[in-house]
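Peer 1: return a 3D structure for these sequence lines:
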Amino acid sequence: MNNDDLNKALCKKMGLETSLFFEDFEEMSVADKKKVIAICNKCDVKKQCREAGASQRDGYGVWGGVFYKKGRIVRTYAAPKKRTQS
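Peer 2: Predicted coordinates for the structure are as follows:
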């Protein structure tokens, strides 16, 4: 993820504590999981963030709404699809 993308990230714009996004998935509270997913799902650079998470080979964290551990997906949450009326 380049600096331009990082500066566009909603979590950065909100000034959130980054440690919230780098907790072990199994140890995160349900409230924290919901919070980070809601933020990621509204972010304009979540695709770039997910790509950055996939390239991480150590540690774990939430990148673009996807929980990674050593570059592997542990869990993913997609934003609900918008229904279109016919």
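Peer 1: what's the weakest-modelled helix or strand in this protein?
Peer 2: Using mean pLDDT, DSSP states H and E, the weakest-scoring helix or strand in the chain turns out to be strand 72-76, at a mean of 80.
Peer 1: distance between that strand and the chain's centre?
Peer 2: 11 Å (Cα atoms, centre = their mean, to the nearest Å).
Peer 1: and for stretch 54-69?
Peer 2: 8 Å.
Peer 1: what are the buried residues along that stretch?
Peer 2: 60-69 (16 or more other Cβ atoms under 10 Å). Where C-beta positions appear, they are placed from N, C-alpha and C, glycine not excepted.
Peer 1: excluding its backbone neighbours, what's nearest Ala54?
Peer 2: Nearest non-adjacent residue to Ala54, counting by Cβ to Cβ, 6 or more residues apart in numbering: Gly71, 5.9 Å away.
Peer 1: brain fart, Leu16
Peer 2: Using Cβ to Cβ, 6+ apart, the closest residue to Leu16 is Ile39 (7.3 Å).
Peer 1: report how many residues lie close to the one you found.
Peer 2: The number of residues packed near Ile39 is 20, by other Cβ atoms under 10 Å.
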